[in-house]
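Asks: With the sequence up front, the predicted model follows.
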2 protein chains.
Amino acid sequence: MVPHLVTALDGPINELEQRILESTPVIERWFRLEWMEHTPPFYSSVDVRNAGFKLVPVDTNLFPDGWHNLTPEMLPLAVQAAMAAIEKICPEAKNLLLIPDNASDQEHLRNLLQLQRIFYQAGLTVRLGSLSNEVNEPTTVTLDGGEKVTLEPLVRTRRRLGLKHFDPCTILLNNDLSAGVPGIVEDLYEQYLLPPLHAGWGTRRKRNHFKAYEEVSKRFGKLLGMDPWLINPMFNSCGEVDFSQDQGLECLRSNTDALLGKIRRKYKEYGINEKPFVAIKADNGTGGLGVMMVRDAKDIDRISPAVRKRMATVQAGQSVGEVIIQEGVLTQERIENQVAEPVVYMMDRYVVGGFYRVNGEAGADENLNTPAARSVPLAFEQGAQLPQPGLQPGESLPNRFYMYGVIGRLAMLAASYELEATDPEAENYD
Amino acid sequence: MVPHLVTALDGPINELEQRILESTPVIERWFRLEWMEHTPPFYSSVDVRNAGFKLVPVDTNLFPDGWHNLTPEMLPLAVQAAMAAIEKICPEAKNLLLIPDNASDQEHLRNLLQLQRIFYQAGLTVRLGSLSNEVNEPTTVTLDGGEKVTLEPLVRTRRRLGLKHFDPCTILLNNDLSAGVPGIVEDLYEQYLLPPLHAGWGTRRKRNHFKAYEEVSKRFGKLLGMDPWLINPMFNSCGEVDFSQDQGLECLRSNTDALLGKIRRKYKEYGINEKPFVAIKADNGTGGLGVMMVRDAKDIDRISPAVRKRMATVQAGQSVGEVIIQEGVLTQERIENQVAEPVVYMMDRYVVGGFYRVNGEAGADENLNTPAARSVPLAFEQGAQLPQPGLQPGESLPNRFYMYGVIGRLAMLAASYELEATDPEAENYD
């Protein structure tokens, strides 16, 4: 279950939310049975967009950053979930090695400190081993608030990875491996390395994730007797688009056109008076850089060389890359008149918290994950706003965050399917 | 881990608390390993007394009432723990049958409603099956706040217990079976009945619990390098004390005298300037009725006939009963100048919340669990007051509730040992 939060959106409960709230025991049981068959990612965060008429995950992060944005009230949930996660993996463990991003900005360091705190309280000594070449000796950074974070150089032996005088049972990556897999973390057969290397953006493809999510949403739709489109962003993809030349843009044009047509038909079916749009993203990229919003296939020809270059650049420095074209979903959430989208945090199979990503510079149809974004922690909701079994539907006040937690977990389940399908070692078991 | 709470006691961190806070990862790992070998009770609550110089559990309830005293902020933790508990026992379960106490006062019904809410959100349909002869058809009670609780008559078939059109996988007792085990819940081999029947007060003996707790406290003391007396209330016991006559009081006198002597020596060792006392309790009793505080063995002869009669009465109507004599522990906690003791709530192996039992009519050396007691929910603590790994000991503010959660879990672990030792079916496995 999830912490219950005051949500920014103040509208009436729509039908989907009502359906989800009423189906709580059915939904929770369904997840319980799914997790008997599938392994949840160790941790994850999911960006959610609520258009009012549909609610979808737009990004599933398997190396979630931003843990420091969770409020103190949420920490006990994260600690309890971390306990459950560790117990399954390595109950005897004393030590956890956390491998951060090479970026050592204060935000990331605060995030690391929070993760350290969570796992310390769950019963592990946590130290930080840096992949950066610049960390040759233990390096302590003092944050603005006075807290200290120490990064240490990794020590690799033939079979194990650790730090000087620190031999962990589990190694947790908080580095999404966009730049590829460093040799130092490869071929570790005696220790648990989480998430697995093929969850890194060097290997991972958004189309695999959303293919798995489509399957999950169909099954969930069947469970609740609802159209899966209400929770599923449609997509298609193109391989080998060369943004530096016009070559390969033909696939982009025709697929964009086809997807816009599908969205238009769905909007017509539901009587939605919005202009369809699609988001064009690098299939292997992370974060929000290089996302283009397109309302007409012709717009593609009008993409400026600068944008194309940026689009190409994020694809690991290559100008040729795979591209995913995804149904654009508006966000109707607002905080102080700024566009907002909820981000759901999960540890093991539990929702442990979340916050709003707010962007004062972006529109409802734009990507919010840009440098202008800031985080607004979600506050705990009044007890009266929990869905209560004794009350008639309609009497209970909205509990939007429960719904967000369900969508977050559906995306997490899709990530679990995705990682099973893309596991390079899976063929050994077949 | 535990919710972090503002505690009533505003004193300096004593050495024990400091030791416990510093040892968090060691303690959590120790519990993790213990739960690999032992099964935690499904749920439990533990009354804790903090004397300033020592901190002990005084009562471990395996059929905890009072769940409605947990604040809404604690609910998500309880739900998450309930999910973990169910997953282990009966993951396919759709239905949970909850069996309440026969007392149908508003407090107990509110407690049931809260349990129903917790398990609903954890993914189960919960209905209440009453053992009372007065419930012959579904009976709905409307509480003062407007919520409704429905009690239904139990339906027993040869092999299963349920309600009309309601066949549960798991049956949860919220009735401590003080009056003995009703036949209707016996010989259920196809369903999970929790807690097991031998956890009921018809079978359970306090001396078995505190014997197990003594063992737990010794092992924990060794782990932390501290005197187990700091967390262990010493005790001894007498069988067959007849309170209606003077017969059998001799054992009580001599054991009280011996225990007072042991406490005196410990007080001397630690330089404690308090007058030792003992609590004399029925060995099989529940709640606080029939507890006598005694400062001198001679006091026993001065016990009034009325008190003796009450003492005898709670022992299932018999005037002869087994008695436990336990080291009296002062409570130094105060809320608005009233004596208070913390109560820790646990679900599966997780601390999920707690509250203060406050009693305006009792003294620091008296039993607080009387009709005059009221409950004060513990509020969530500031994030800054979490023990933080980056800070030096002494810099971090007290987090007393973490310590209470540790003591609560030690008592829960003792209950697990106790139930293993007293399991009537255990001999089959040996």
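Replies: Right, received. Where do you want to start?
Asks: pretty sure A:Tyr417 is touching A:His38, no?
Replies: Yes. Applying CB atoms under 8 Å, one finds A:Tyr417 in contact with A:His38, separated by 6.7 Å. In short, each C-beta sits where N, CA and C put it, glycine included.
Asks: When these two are compared, which one has more neighbours?
Replies: A side-by-side neighbour count of A:Tyr417 and A:His38, using other CB atoms under 10 Å in any protein chain shown, places A:Tyr417 first with 19 against 15.
Asks: so the more buried one is in which element?
Replies: helix A:400-422 (DSSP states H and E).
Asks: ok, and for that helix, which residues are buried?
Replies: Within helix A:400-422, the residues that count as buried by 16 or more other CB atoms under 10 Å in any protein chain shown are A:400-419, A:422.
Asks: That one - what's its average pLDDT?
Replies: Helix A:400-422 comes out with an average pLDDT of 94.
Asks: what about the closest residue in space to A:Asp101 that isn't next to it in sequence, neighbour count?
Replies: Closest residue to A:Asp101 apart from its sequence neighbours, by CB to CB, 6 or more residues apart in numbering or on different chains: A:Asn175 at 4.7 Å. By other CB under 10 Å, 22 other residues sit near A:Asn175.
Asks: OK, contacts around A:Asn175?
Replies: Each residue near A:Asn175 by CB atoms under 8 Å, 6 or more residues apart in numbering or on different chains is listed here: A:63, A:99-102, A:131.
Asks: now the helices for chain A?
Replies: A:15-22, A:24-37, A:75-89, A:106-121, A:206-224, A:249-270, A:305-313, A:400-422 (DSSP state H).
Asks: average pLDDT for the first one?
Replies: So the one you mean is helix A:15-22. 84.
Asks: Does chain B have contacts with it?
Replies: No. Counting by CB under 8 Å from any CB of the partner chain, chain B is not contacted by helix A:15-22; separation bottoms out at 10.6 Å.
Asks: Now A:Arg19: closest residue in space that isn't a chain neighbour?
Replies: A:Leu224 (5.7 Å).
Asks: can you tell me how far that neighbour sits from B:Lys94?
Replies: 16 Å (CB to CB, to the nearest Å).
Asks: Please compare those two by neighbour count and tell me which comes out ahead.
Replies: A:Leu224 (19 against 15).
Asks: residues contacting the more buried one?
Replies: A:19-20, A:23, A:26-27.
Asks: Show the buried residues in those.
Replies: Using 16+ other CB under 10 Å, the buried ones in the contacts of A:Leu224 are A:19-20, A:23, A:27.
Asks: closest to B:Lys148 among these?
Replies: A:Ser23 (20.9 Å; CB to CB).
Asks: and that closest one, what is it in contact with?
Replies: Counted by CB under 8 Å, 6+ apart, A:Ser23 has contacts A:223-224.
Asks: run the last query once more with 6 Å
Replies: A:Leu224 (CB atoms under 6 Å, 6 or more residues apart in numbering or on different chains).
Asks: any low-confidence regions in the stretch 151-300 of chain A?
Replies: A:244-248, A:285-290 (pLDDT under 70).
Asks: could you show me where the strands are in it, in order?
Replies: With DSSP state E, counting those that start in this stretch as the criterion, the stretch 151-300 of chain A has strands at A:155-156, A:161-162, A:170-174, A:192-194, A:235-242, A:278-282, A:292-294.
Asks: Just say which of the ones you listed is most tucked in.
Replies: Of the strands of the stretch 151-300 of chain A, the one with the most neighbours on average (mean count of other CB atoms under 10 Å in any protein chain shown) is strand A:278-282, at a mean of 24.
Asks: So what's the gap between that one and the chain middle?
Replies: 16 Å (CA atoms, centre = their mean, to the nearest Å).
Asks: same for it, what does it pack against?
Replies: Helices and strands touching strand A:278-282, as assessed by 3 or more CB pairs under 6 Å, 6 or more residues apart in numbering or on different chains; DSSP states H and E, comprise strand A:292-294, strand A:320-327.
Asks: please redo it, this time with the cut-off set to 10 Å
Replies: Applying 3 or more CB pairs under 10 Å, 6 or more residues apart in numbering or on different chains; DSSP states H and E, we find strand A:278-282 packed against strand A:55-61, strand A:235-242, helix A:249-270, strand A:292-294, helix A:305-313, strand A:320-327.
Asks: would JSON lines of these with distance to chain B be doable?
Replies: Shown next, in JSON lines, are those (distance: least, CB to the nearest CB, whole Å):
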{"stretch": "strand A:55-61", "distance to chain B": "20"}
{"stretch": "strand A:235-242", "distance to chain B": "31"}
{"stretch": "helix A:249-270", "distance to chain B": "30"}
{"stretch": "strand A:292-294", "distance to chain B": "36"}
{"stretch": "helix A:305-313", "distance to chain B": "37"}
{"stretch": "strand A:320-327", "distance to chain B": "31"}
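Asks: So which of the ones you listed is nearest B:Trp201?
Replies: Between those, strand A:55-61 lies closest to B:Trp201; by CB to CB that is 49.5 Å.
Asks: Give me the helices and strands touching that closest one, please.
Replies: helix A:15-22, strand A:43-50, helix A:206-224, strand A:278-282, strand A:320-327, strand A:338-347, helix A:400-422.
Asks: Briefly note if the second one comes near chain B.
Replies: In other words, strand A:43-50. No. Contact of strand A:43-50 with chain B (CB under 10 Å from any CB of the partner chain) is absent, the minimum separation being 14.9 Å.
Asks: Centre of the chain to that strand, how far?
Replies: Distance, centroid of strand A:43-50 to centroid of chain: 5 Å (CA atoms, centre = their mean).
Asks: CA atoms of it as CSV?
Replies: Taking C-alpha atoms only, strand A:43-50 is exported to CSV below (Å, rounded to 0.1, in the frame of the first residue of the first chain):
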residue,chain,number,x,y,z
TYR,A,43,14.0,0.0,-6.5
SER,A,44,12.3,2.3,-9.1
SER,A,45,10.6,5.6,-9.8
VAL,A,46,7.9,6.3,-12.3
ASP,A,47,6.8,9.6,-13.8
VAL,A,48,3.1,9.7,-14.2
ARG,A,49,0.9,12.0,-16.3
ASN,A,50,-2.7,12.6,-15.5
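Asks: returning to what we had before: which one, of the helices and strands packed on strand A:55-61, ends up nearest to A:Tyr356?
Replies: Comparing those by CB to CB, strand A:338-347 comes nearest, at 4.4 Å.
Asks: Partner strands of the closest one, with direction?
Replies: strand A:43-50 (antiparallel), strand A:334-335 (antiparallel), strand A:350-359 (antiparallel) (DSSP bridges).
Asks: related to what we said a few turns ago, for chain B, state which of the contacts of A:Asn175 is nearest.
Replies: Chain B lies nearest to A:Pro100 out of these, by CB to the nearest CB, at 14.9 Å.
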